[in-house]
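J.: coordinates only, no sequence provided:
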């Protein structure tokens, strides 16, 4: 068992962990970018299978997570952040809505591990592509995770300029 799996359990989110997810999102993103509590609750309720949490085996608490919505759409739009009803369980693509790692767990490769496991899991489900938006400062990090920079995104979420990035799964 590798170090990451010794330290963390990787799995879908549980309904009772929604409060932790809300809190982590508020720590990891500024208010103009963070998912609202209402939306986070809706995502956990409607699409728990598109969350991947890393639970610290020592504390039993979530250290980080990735969540998304599957869809047939190819381009990211802001409505994916606010409307879990856009979820299509059979969708070929997954719009990634947030990669969150608590500050005390950063710099250990946890974000990269979560992304890698998520990509493997979704590839096994037959998905074709992961799509996300990020700030310019995060482009290189996502490139190291196997994403390609597709240029300036249509998104204006939180009043920011975003880059759309994609990773082929097959």
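T.: Looks like it came in fine. Because the structure is predicted, anything quoted here is derived from the model rather than measured. Residues are numbered from 1 along each chain as shown.
J.: and the strands in this protein?
T.: 8-11, 51-56, 62-71, 93-101, 129-134, 148-152, 163-168 (DSSP state E).
J.: for residue 107, which of those strands is the nearest?
T.: strand 93-101 (9.3 Å; Cβ to Cβ). Placement of C-beta: from N, CA and C, glycine included.
J.: now that closest one: mean pLDDT?
T.: Strand 93-101 shows a mean pLDDT of 98.
J.: please name every helix or strand in contact with it.
T.: Packing partners of strand 93-101 (3 or more Cβ pairs under 8 Å, 6 or more residues apart in numbering; DSSP states H and E): helix 18-28, strand 62-71, helix 79-82, helix 110-124, strand 129-134.
J.: tell me how many other residues surround residue 160.
T.: Counted by other Cβ atoms under 10 Å, the residues lying close to residue 160 total 15.
J.: residues in contact with the residue nearest the centre of the chain?
T.: The chain has residue 66 as the residue nearest its centroid, 2.9 Å off, counting by Cα atoms, centre = their mean. Shown in contact with residue 66 (Cβ atoms under 8 Å, 6 or more residues apart in numbering): 51, 52, 96, 98, 99, 100, 114, 115, 118.
J.: if you rank those residues by neighbours, which is first?
T.: residue 96 (26 neighbours).
J.: what pairs with that residue across the strands?
T.: residue 68 (DSSP bridges).
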